[in-house]
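Student: output the structure for:
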Amino acid sequence: MPVGEADKGIGAPKGETYYGIQIQSSIIDWWHDPIDSNEPFKHSGKLNTLLLNPKVIYGLSNKMNLALSTQIGIRSMIWDQKGSSIHHRTETTLENFSNANPGWMGDSKIILRYIAKNDGMGDGMRAIFGGGLSIPSSSVLTSDPFFLQGGKKTEHRHFSLSSGSYKYIFETQLFFKRSINPLFYGGFLIYEHPIKENKFNYLAPPILNLSLSATFKRFDKRDSSIGYGVGLLQSGHGYWNGIKEPNSSSLSVIPTVSYLINSRIGALSFNISKPFYVKGAFKSEGDIAQGSDIWQFTVSVRKI
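Tutor: Residues are numbered from 1 along each chain as shown. Predicted coordinates for the structure are as follows:
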């Protein structure tokens, strides 16, 4: 299980169903300098996310797999400042707001995978290519939180649980398994691109996700392993009403450490990630200083 990805590095034979589930928690401790004269104080808070991500892989044939996944969870903002702000407040995605629909569902994905090479449970190579669709939920922003068309700024929310756009997906996986360390190594590349604006005139940014990992067996009584990985996540520009969204373009590096064991319920993985922004998002750029401290924790289970 590459750095906690329950549906990666594996192909299901015809008629077989593999199950996986990931529980992911992320904590973003953020801040930025004052952005206008109406709020002449530093903005800071914590953006927390808790997601349950069930996944299923079904073998349509020995060469074709159908992969399904969805997101269930909550995203919450904790406002650290005493002063009130039209931009931020303590709230969650379960609550309705003037420019945000509430909800507990995130995006769902349907991917058809071609198993070019699969050496099963033995040593060898796994090469998998796929394409599919990402489907947004109703938990989205319903109007531009940046007021890019020049309207009067009123209370608004900046975050939602869903990306808000239908996207097509392309993915490539290449992994190798052997009987000596590193026992399992390789990586995957995923590209997601929005198909069109949603009904609220928002076009989500394209996303490129590259992940490389290696797993080292400890040869102990627990049959445990240690995994090391690094990811690159690049986001393009999002658009509201055809106008470029500020800070949507970003590049982050995500090192990860994993601990894996075989249990009665399946392969179990505990993962800690520490994302760093190289540019964009919470990286200090442009006219104001800003920053963040981010941690991600994931528990994954895969049942074959």
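
Student: in its sheet, what does the lowest-mean-pLDDT helix or strand in the chain sit against?
Tutor: Every helix and strand in the chain was compared by mean pLDDT, DSSP states H and E; the lowest is strand 276-280, with a mean of 87. Here strand 276-280 has these sheet partners by DSSP bridges: strand 250-263 (antiparallel).

Student: got the buried residues for the strand it pairs with?
Tutor: Of the residues in strand 250-263, 250-252, 254, 256, 258-260 count as buried by neighbour count, 16 or more other Cβ atoms under 10 Å. All C-beta atoms are positioned from the backbone trio N, CA, C, and that covers glycine.

Student: next SSE after it?
Tutor: Note on strand 250-263: by DSSP states H and E, the next helix or strand toward the C-terminus is strand 266-273.

Student: now the angle from that following strand to strand 250-263?
Tutor: Between strand 266-273 and strand 250-263, the angle comes out at 150 degrees (axes from the mean of the first three to the mean of the last three Cα atoms, to 10 degrees).

Student: buried sites along strand 266-273?
Tutor: 266-269, 271, 273.

Student: contacts for that strand, please.
Tutor: The set of residues external to strand 266-273 that reach it, using Cβ atoms under 8 Å, 6 or more residues apart in numbering, is 1, 3-4, 6, 19, 227, 231, 254-262, 295-304.

Student: same thing but 6 Å
Tutor: 1, 3-4, 254, 256-261, 296-303 (Cβ atoms under 6 Å, 6 or more residues apart in numbering).

Student: for that strand, what is the average pLDDT?
Tutor: When pLDDT is averaged along strand 266-273, the result is 94.

Student: what's the offset of it from the middle of its chain?
Tutor: 16 Å (Cα atoms, centre = their mean, to the nearest Å).

Student: once you drop chain neighbours, what's closest to Ile128?
Tutor: Distance criterion Cβ to Cβ, 6 or more residues apart in numbering; nearest residue to Ile128, sequence neighbours excluded, is Gln173 at 4.1 Å.

Student: the one you found touches Gly186, doesn't it?
Tutor: No: contact criterion Cβ atoms under 6 Å: Gln173 and Gly186 do not qualify, at 7.3 Å.

Student: quick one, which of these two is more surrounded?
Tutor: Gln173 (25 against 21; other Cβ atoms under 10 Å).

Student: check which helix or strand covers that one.
Tutor: For Gln173, the host element (DSSP H and E) is strand 167-177.

Student: buried sites along that strand?
Tutor: For strand 167-177, a neighbour-count test (16+ other Cβ under 10 Å) marks 167, 169, 171, 173-177 as buried.

Student: what's in contact with the helix or strand following that strand?
Tutor: Counting by DSSP H and E, the next helix or strand C-terminal to strand 167-177 is strand 184-194. Applying Cβ under 6 Å, 6+ apart, the contact partners of strand 184-194 are 8, 134, 165, 167-177, 203-204, 206-212, 214-215.
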